[in-house]
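Colleague: turn this into a structure:
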Amino acid sequence: MERPTMKDVARAAGVSPMTVSRVVAGEAGVAPGTAARVARAVRELGYQRNDNARSLRQKNLGTSAIGLVVDDLANPFYALMARSVEDQAHRRGYVVLVGSTNDDPRREREVIAAFTARRVDGLILVPTIGGHGFLRQPMQRGTRVVCVDRPARGLAVDTVTVDNRAGARRAVAHLLDRGHTRIACLGDRYDIWTQAERHAGYLDALAERGVPADPALVRHGLRSHGETHAALERLWALPEPPTALFTSNDLITLGVLDAPPRPRPVAVVGFDDLPLADRLDPPLTVVSQDPHALGATAADLLFSRIDGESAPPRDVVLPTRLLIRTPRG
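Modeller: Residues are numbered from 1 along each chain as shown. All right, here's what the predicted structure looks like:
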């Protein structure tokens, strides 16, 4: 079977070969809808630019490229992880192309298609909820893949995660130790692997202490401050409102801190640390995971694969820490 050409992509997308060239090269000035159409055609046809001369020029200059695909680069956690990947790549003479998916499988495919069209040597991927069998084709062509933060469905590759379930269990046990039994769980979309693991840890802690789980205290699908505020209003309106909150990521924690005043004091423990969390009044207790370690470990695994490592896929699980912060004075 012949490899698809730029003309084939142009025909499928209904644009000129010059437009395809500009999209593949990442040049500005192409309408977003047109660029998305071209990226879709690139993905569906399996097109990869045969740009050997450019690649050789890059390598002679000591620069190659890898791709980093995250959920949302505006999230401080992923920004810190990206910085760590960039630091590791820079030491090896690589540049990093970064794209966000907003947990949209279609957008994920388009970003990955754009990166593989640029013939990146490898990808570090925070997988979306979709299947990832589509990555087998670029992997067969030599693109190395490492997953970070979450495993990918249907793909056997090196994966770096943290022990989300144990971290959440310790957080909720800490609240139980302080006499709270009405503990609400505020989470992101439940179909995201990390959120399901953290909810499981929440349930583990309640079960270990014989505290019945109340579904009315669980709110999933919170992806904005507004959604978090609405969830809190529903919790405060319960006949027996919670006296404590377990927030399962940093953005939800920020939404809680930014919410209108509560009708009564409530304890909060969050998953993910926040800048200046120790300066709040009262200071915030958190489950801390290390985005720098996640990024550095994923980058090390990827570069070992690029260098020819052929061992079976590895699952690396990093620990979390419960940072207990008590009021000053």
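
Colleague: relative to residue 192, how far out is residue 151?
Modeller: 12 Å (C-beta to C-beta, to the nearest Å). Where C-beta positions appear, they are placed from N, C-alpha and C, glycine not excepted.

Colleague: how about the helices of the stretch 1-150 of the chain, start to end?
Modeller: 6-13, 17-25, 32-45, 52-60, 76-91, 105-117, 136-140 (DSSP state H, counting those that start in this stretch).

Colleague: how about the strands in the chain?
Modeller: Using DSSP state E, the strands of the chain run over 64-70, 94-100, 122-125, 144-148, 158-162, 183-186, 218-219, 244-247, 267-271, 285-288, 315-318, 321-323.

Colleague: distance between the second one and the chain's centre?
Modeller: In this case it means strand 94-100. 14 Å (C-alpha atoms, centre = their mean, to the nearest Å).

Colleague: show me what it is packed against.
Modeller: Counting contacts by 3 or more C-beta pairs under 8 Å, 6 or more residues apart in numbering; DSSP states H and E, strand 94-100 packs against strand 64-70, helix 76-91, helix 105-117.

Colleague: closest to residue 11 out of the ones you listed?
Modeller: Of all the helices and strands packed on strand 94-100, it is helix 105-117 that lies closest to residue 11, at 16.6 Å by C-beta to C-beta.

Colleague: how deep is residue 285 tucked in, by neighbour count?
Modeller: Neighbourhood size, residue 285 [other C-beta atoms under 10 Å]: 22.

Colleague: who's it bridged to?
Modeller: Here residue 285 sits in beta bridges with residue 269, going by DSSP bridges.

Colleague: and it, what does it touch?
Modeller: 171, 174, 268, 269, 270, 322, 323, 324, 325 (C-beta atoms under 8 Å, 6 or more residues apart in numbering).

Colleague: hmm, which of those residues is lowest in pLDDT?
Modeller: Minimum pLDDT for those is recorded at residue 325 (90).

Colleague: is it correct that that one is in contact with residue 279?
Modeller: No. Taking contacts as C-beta atoms under 8 Å, residue 325 lies outside contact range of residue 279: 9.8 Å.

Colleague: mind putting the strands of the chain into JSON lines with distance to residue 44?
Modeller: Output for the strands of the chain, formatted as JSON lines (distance: least, C-beta to C-beta, whole Å):
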{"stretch": "strand 64-70", "distance to residue 44": "19"}
{"stretch": "strand 94-100", "distance to residue 44": "19"}
{"stretch": "strand 122-125", "distance to residue 44": "19"}
{"stretch": "strand 144-148", "distance to residue 44": "20"}
{"stretch": "strand 158-162", "distance to residue 44": "27"}
{"stretch": "strand 183-186", "distance to residue 44": "39"}
{"stretch": "strand 218-219", "distance to residue 44": "38"}
{"stretch": "strand 244-247", "distance to residue 44": "40"}
{"stretch": "strand 267-271", "distance to residue 44": "38"}
{"stretch": "strand 285-288", "distance to residue 44": "41"}
{"stretch": "strand 315-318", "distance to residue 44": "32"}
{"stretch": "strand 321-323", "distance to residue 44": "45"}
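
Colleague: out of the ones you listed, nearest to residue 16?
Modeller: strand 94-100 (24.6 Å).

Colleague: can I get that closest one in PDB, CA atoms only?
Modeller: Output in PDB follows, covering the C-alpha atoms of strand 94-100 (Å, rounded to 0.1, in the frame of the first residue of the first chain):
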ATOM      1  CA  TYR A  94      15.400  18.100  22.300                       C
ATOM      2  CA  VAL A  95      12.500  20.600  22.100                       C
ATOM      3  CA  VAL A  96       9.000  19.900  23.400                       C
ATOM      4  CA  LEU A  97       5.800  20.500  21.400                       C
ATOM      5  CA  VAL A  98       2.900  20.900  23.900                       C
ATOM      6  CA  GLY A  99      -0.800  20.500  23.200                       C
ATOM      7  CA  SER A 100      -4.000  20.400  25.400                       C
END
